[in-house]
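Peer 1: Sequence first, predicted model second:
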Amino acid sequence: MNKVVDTLSEAVAGIADGSTVLLGGFGTSGTPVELMQALLQTSATNLTVVSNSAGGGPTGLSELIEAGKVRKLICSFARSLNAQKPSAAAFEKRFRAGEIELELVPQGTLAERLRAAGAGMGPFFTPTAYGTRLAQGKETRVINGRGYVLEEPLHADVAFVKAHLADPFGNLTYRYAGRNFAPVMCMAAKLTIAQVDRVVAVGDIAPEQVMTPGIFVQRVIECEHVPVNP
Amino acid sequence: MSPLTREQLAQVVAADLPFNSYANLGVGMPTGVAKYLKPEQGITLHSENGILGMTALPDGQTPDVDLINASREAVTLTPGASICDHVVSFSMMRGGHIDVTILGGFQVSVGGDLANWDTGVEGAVPAVGGAMDLVAGAKRVFVMMQHTDREGRSKLVTQCTYPLTGKSVVSRVYTDLAILDVKDDRFVVCGMIAGMTLEQLQAVTDAPLEMAADCRLLDV
């Protein structure tokens, strides 16, 4: 088995219009910028993107939004953290113009909805957001005196993640907090594409060091990642 | 009588954190608490992006793009640190494993309701991040904020007018003027800055106050 592809265009080949695309990353760490830029070169449009934030800097998601390829964004943090260095400026502009749909989800609920999808679970009750505006329109229930909100699994067509090492079977490791959403996103998508700092031989990653087992990964592309600060 | 500066408030909160606790510092003002924690307090800092055991990056040390806190600032790991993914990190938060979280606030009500994610201004871009998960699961929720907003209005209120982050979740509020415990739908003043009287504090607070028997002097 060899899941390694040679070019970024092969890595993102066949992504259909209207796909739901998961993007790993938190701030600039673990952000698969090169895959997003490769997607920008394809004709895929009308995308629903799931990402923790609405930007993460001027490259990657911001470029996809700028190019008008994103119809809807599902995220927990849609605003730039720093007004002097706006990381979500492209989103903010389209949002104010009413050109993009936003579904705001608490960050832990976002992770757990992805987990439910990847783990074959149905909807689940969470205490997060109970009694708030983000629970409006959702089923709620009080169980043993505590209020809960019913949340749906979040399935996706494609996941883009950035990992540190991969072997040809698709086993992955991550650097420090670059891991963040990647393992759960790998499980929640039908097609997971990992851009990695380095491809190593089968057996070079010790089995107990594998952070995402290869069963959750379909394509691997080695790509030298240049960190971009927002 | 002078209100605490941001730095002084951070020092007061840092000194009050329980020994040997697991703590989560929210985005913004609470992040500044980290640099005033003393090693002998034995506090382990958690960050929602999967870090347990970190501290602010010391001056002169090169930042690592994969070591940042929830505010996207560079951090460094402390001995015994661990890294996990988002599912595990939010299990720590929602699952009741974090002893205390310090969050910023727009408004806190006498019932312990917190509003800290949306001012409801027309056209504002919403951002909730991990705040709702933290208030749902942390054992104790402390809020750290200015006592009044830019227009001089009290941020301690009878009922929040901004959208809620959580209902009945706040146990204590640290402001630049006072420390207030939320108890049985009341604010109990357990600390005040030098020279301030309860009457003066009440004049800038939109909710009834009560004095704790052991109210302490807030100084640094």
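Peer 2: Alright, I've got the coordinates.

Peer 1: can you tell me the helix or strand for B:Ala10?
Peer 2: Using DSSP states H and E, B:Ala10 sits within helix B:6-16.

Peer 1: Also A:Leu22?
Peer 2: strand A:20-23.

Peer 1: I figured A:Ala189 hits A:Leu154, correct?
Peer 2: No - if you go by C-beta atoms under 8 Å, A:Ala189 and A:Leu154 don't touch, sitting 10.0 Å apart. Bear in mind the C-beta positions are built from the backbone N, C-alpha and C, glycine included.

Peer 1: Which secondary structure state does A:Leu39 sit in?
Peer 2: Assigned with DSSP: H, G, I helix; E, B strand; the rest coil, A:Leu39 falls in the helix class.

Peer 1: rewinding a little: so which elements touch the strand holding A:Leu22?
Peer 2: Applying 3 or more C-beta pairs under 8 Å, 6 or more residues apart in numbering or on different chains; DSSP states H and E, we find strand A:20-23 packed against strand A:47-50, strand A:156-166, helix A:182-188.

Peer 1: if we can go back for a sec, might you calculate how far the following helix or strand past the helix holding B:Ala10 sits from the centre of the chain?
Peer 2: Scanning forward in sequence from helix B:6-16 by DSSP H and E, the next helix or strand is strand B:22-25. The chain centre lies 10 Å from the centre of strand B:22-25; the measure is C-alpha atoms, centre = their mean, to the nearest Å.

Peer 1: Partner strands of the very next helix or strand once past strand B:22-25, with direction?
Peer 2: Once the chain leaves strand B:22-25, the next helix or strand it forms, by DSSP H and E, is strand B:44-47. Here strand B:44-47 is paired, per DSSP bridges, with strand B:22-25 (parallel), strand B:51-56 (antiparallel).

Peer 1: Return the most buried member of the ones you listed.
Peer 2: strand B:22-25 (a mean of 24; mean count of other C-beta atoms under 10 Å in any protein chain shown).

Peer 1: got a list of contacts for it?
Peer 2: Outside strand B:22-25, the residues within contact range by C-beta atoms under 8 Å, 6 or more residues apart in numbering or on different chains are B:17, B:31, B:33-34, B:43-48, B:52, B:69-70, B:92-93, B:97-102, B:134, B:138.

Peer 1: Quick one, which of these are buried?
Peer 2: Buried members of these, scored by 16 or more other C-beta atoms under 10 Å in any protein chain shown, are B:17, B:31, B:33-34, B:43-48, B:52, B:69-70, B:92-93, B:98-102, B:134, B:138.

Peer 1: ok, A:Gly68 - how many residues close by?
Peer 2: Burial of A:Gly68 is recorded as 12 neighbouring residues (other C-beta atoms under 10 Å in any protein chain shown).

Peer 1: Could I get the contacting residues of A:Val184?
Peer 2: By C-beta under 8 Å, 6+ apart, the neighbours of A:Val184 are A:111, A:114-115, A:118, B:85-87.

Peer 1: helix/strand/coil for the closest residue to it other than its chain neighbours?
Peer 2: Once flanking residues are discounted, A:Val184 sits nearest to A:Leu114: 4.6 Å by C-beta to C-beta, 6 or more residues apart in numbering or on different chains. When classified by three-state DSSP, A:Leu114 comes out as helix.

Peer 1: For residue 145, grab the count of nearby residues.
Peer 2: Unless you meant another one, I'm taking chain A. 5.

Peer 1: try again with chain B
Peer 2: Per other C-beta under 10 Å, the neighbour tally for B:Met145 reads 23.

Peer 1: excluding its backbone neighbours, what's nearest it?
Peer 2: Closest to B:Met145 by C-beta to C-beta, 6+ apart is B:Gly105, at 4.3 Å.

Peer 1: so how far is whatever helix or strand B:Ala213 lives in off the chain centroid?
Peer 2: Element membership of B:Ala213 [criterion: DSSP H and E] is strand B:209-218. Here strand B:209-218 is found 20 Å from its chain centre; the criterion is C-alpha atoms, centre = their mean.

Peer 1: now for that strand, which elements pack on it?
Peer 2: On a contact count with 3+ C-beta pairs under 8 Å, 6+ apart, strand B:209-218 meets strand B:178-183, strand B:186-193, helix B:198-203.

Peer 1: from those, which stretch is densest packed?
Peer 2: strand B:178-183 (a mean of 22).

Peer 1: any residue of that strand up close to chain A?
Peer 2: No - on the criterion C-beta under 8 Å from any C-beta of the partner chain, strand B:178-183 is out of touch with chain A, staying 15.9 Å away.

Peer 1: Pull the CA coordinates from that strand and hand them back as PDB.
Peer 2: C-alpha atoms of strand B:178-183 as PDB (Å, rounded to 0.1, in the frame of the first residue of the first chain):
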ATOM      1  CA  ALA B 178     -12.800  44.800  44.100                       C
ATOM      2  CA  ILE B 179     -13.200  41.100  44.400                       C
ATOM      3  CA  LEU B 180     -16.800  39.900  44.500                       C
ATOM      4  CA  ASP B 181     -18.100  36.400  45.300                       C
ATOM      5  CA  VAL B 182     -21.300  35.300  43.600                       C
ATOM      6  CA  LYS B 183     -23.400  33.700  46.400                       C
END
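
Peer 1: contacting residues for A:Arg141?
Peer 2: A:125, A:147-148, A:150.

Peer 1: Would you show me how to pick out the buried ones of these in ChimeraX?
Peer 2: A single ChimeraX command is used to select the members of the contacts of A:Arg141 judged buried by 16+ other C-beta under 10 Å:
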select /A:147,148
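
Peer 1: Which ones among the contacts of A:Arg141 lie within strands?
Peer 2: Residues of the contacts of A:Arg141 located in strands (DSSP state E): A:125, A:147-148, A:150.

Peer 1: between those residues, which is nearest chain B?
Peer 2: Of all the ones in strands among the contacts of A:Arg141, A:Gly147 has the smallest distance to chain B: 8.1 Å, by C-beta to the nearest C-beta.
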